[in-house]
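**Q** Fold the following and give me the result.
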Amino acid sequence: MSEAALPSSEDDEAAEAEAPATAAPVARPPVPTFKFSTFILTFLFVMGLYMLFDNTARITIAGYIGLALVPVIGFGGQYLLLTMFLAAVIEMLITALAYNWATDWVKAARVAKWNAAFRKVQSAALKSGKKDRVEALKVHQQTLTKLSSEVSMAQLKGMAVTWFLVIAIYTWVGLFIQHYYATTPNGTGAIVILGGAQANLYLGVGGIAFLPLWFLLFSLYTIPASIALRRVLKHFWLRRYAAEHPPNRPDAGAVGGGA
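**A** Presented below is the predicted three-dimensional model:
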């Protein structure tokens, strides 16, 4: 065989240069980016869970929170009900704002409206008894399930802040009452005037020892007001979106006021 038939080194280099050009690129999964907000939310959720089972950690963190709250709303223990009310306002505002930050109200309204419309169509398909119509709706049902899961997962981010703060604030209120009222000289305990009558905040509600009156009272301060504030924030953002996206514009979307 002659030397002309043998591949030269230049031919080898050319072949090597052409090989990568013809090879299909290898798809690499995207590298997850670090998000500081996600780290903080995860940390708060884990800390809240840890505080729920560790009494020492719960009291320690509540004590740190008290360093900021006592000078502002403590009043030297003179106005217990006012202190509890202001602590409830602080908790309500922070948790409602965190929930509002984590929730895409426009997307939540759209998904709620789409789900309501889909249930009507699905109910009509089931009543018709036509299997092909029911099967055709399964693809749409999977899409709506995915969207609903995304909305729920986004709301869980706000719950991470709520979870941590509720445990910490409730613990601080209990410690505050114990510090100023449980060791009074006459041993009367945390006596306040409710509805024109005296009430001991340490007495159990309905004979339930582990459910003191102060816990129920503080819950009545926080839970209804927090729900109301969330609805106000939701209404505000939906009204703002509707003003910026009139119905005659193609990007207005399906945002219902009752969603």
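
**Q** Tell me which residues touch the spatially most central residue of the chain, please.
**A** Centre of the chain computed as the mean C-alpha position; nearest residue by Cα atoms, centre = their mean is Gly158, 2.2 Å away. Listed by Cβ atoms under 8 Å, 6 or more residues apart in numbering, the contact partners of Gly158 are 95, 98-103. Glycine gets a C-beta too; all of them are placed from N, C-alpha and C.

**Q** Compile these into a markdown table and extend it with columns for distance to His245 and secondary structure.
**A** Listed next are the contacts of Gly158 as a markdown table, based on distance: Cβ to Cβ, whole Å; DSSP: H, G, I helix; E, B strand; the rest coil:
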| residue | distance to His245 | secondary structure |
| --- | --- | --- |
| Thr95 | 29 | helix |
| Ala98 | 26 | helix |
| Tyr99 | 23 | helix |
| Asn100 | 19 | helix |
| Trp101 | 21 | helix |
| Ala102 | 22 | helix |
| Thr103 | 18 | coil |
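
**Q** Only the buried subset of the residues you listed, as a ChimeraX command please.
**A** The following ChimeraX line selects those of those that are buried, judged by 16 or more other Cβ atoms under 10 Å:
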select :95,98,99,100,102,103
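
**Q** wait, which of the contacts of Gly158 is closest to Leu175?
**A** Relative to Leu175, the closest of the contacts of Gly158 is Thr95; by Cβ to Cβ it sits at 19.9 Å.

**Q** quick revisit: mind checking how far the residue nearest to the centre of the chain is from Lys131?
**A** Taking Cβ to Cβ, to the nearest Å as the measure, Gly158 falls 41 Å from Lys131.

**Q** This completes my enquiry, with thanks.
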